[in-house]
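Asks: need a structure here:
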Amino acid sequence: GATTIATVIGPVTLPPMPVSCYKMNGGQLELVATGEVMTVNPDRIIVKRIRLSGHPYKINKRTATIRYMFFNPDDIHWFKPIELNTKYGRRGHIKESLGTHGHMKCVFDNQIKAEDTIMLNLYKRVYPKWHHEELSLAGAPILVPETQMDEAE
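Replies: Purely as a prediction, here's the structure:
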């Protein structure tokens, strides 16, 4: 019952084309999802999110000392412009580095709790893996993924 959007690299199909997704289960195809094509956008990019997490060491009113996110001051200075957020919804930013072991002073929009986890989201563009071999059928090339090559021959 959950709604999910997936990105697929395949032939151009215009919406609202129906889509069925299958997976191999013991040599048989099993239906895992159905839906429809929403948009065709060649400019869409795929990003991967990485979350760095740290824990509060000392908490004052709106400031806190955070540890275990970084382990040297150079990394703290590099990621200083990026916004921090917490498990309980607080937002903040890095104010300064403390010492040489990766502790940092951060300012938040409200006081954080001792059991809170501080997170920094990083995004990286990823490119899909594209492995194919060409087959020809009546002179027209057909692209078949490598996993289906054994079955096609």
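
Asks: where's the nearest residue to residue 29 once chain neighbours are set aside, which helix or strand?
Replies: Nearest non-adjacent residue to residue 29, counting by Cβ to Cβ, 6 or more residues apart in numbering: residue 22, 4.4 Å away. Quick note: C-beta positions are derived from backbone N, CA and C, even for glycine. Per DSSP states H and E: residue 22 is located in strand 18-25.

Asks: What's the first helix or strand after that strand?
Replies: Counting by DSSP H and E, what follows strand 18-25 is strand 28-36.

Asks: Now residue 81: which helix or strand?
Replies: Judged by DSSP H and E, residue 81 forms part of no helix or strand.

Asks: Okay, now the sheet partners of the lengthiest strand in the chain, with direction.
Replies: For the chain, the strand with the greatest residue count under DSSP state E is strand 46-59. Paired with strand 46-59 in the same sheet, following DSSP bridges, are strand 63-67 (antiparallel), strand 118-126 (antiparallel).

Asks: where in this protein is pLDDT low?
Replies: 1, 131-153 (pLDDT under 70).

Asks: could you redo the last one with a cut-off of 80?
Replies: 1-3, 6-10, 42, 128-153 (pLDDT under 80).

Asks: next one: phi and psi at residue 75?
Replies: phi -70, psi -40 (degrees, to the nearest 10).

Asks: For residue 12, see how far away it is.
Replies: 43 Å (Cβ to Cβ, to the nearest Å).

Asks: Comparing the strands paired with strand 46-59, which comes out most buried?
Replies: strand 63-67 (a mean of 20; mean count of other Cβ atoms under 10 Å).

Asks: so which of the strands paired with strand 46-59 gets nearest residue 93?
Replies: Of all the strands paired with strand 46-59, strand 118-126 sits nearest to residue 93, with 10.0 Å by Cβ to Cβ.
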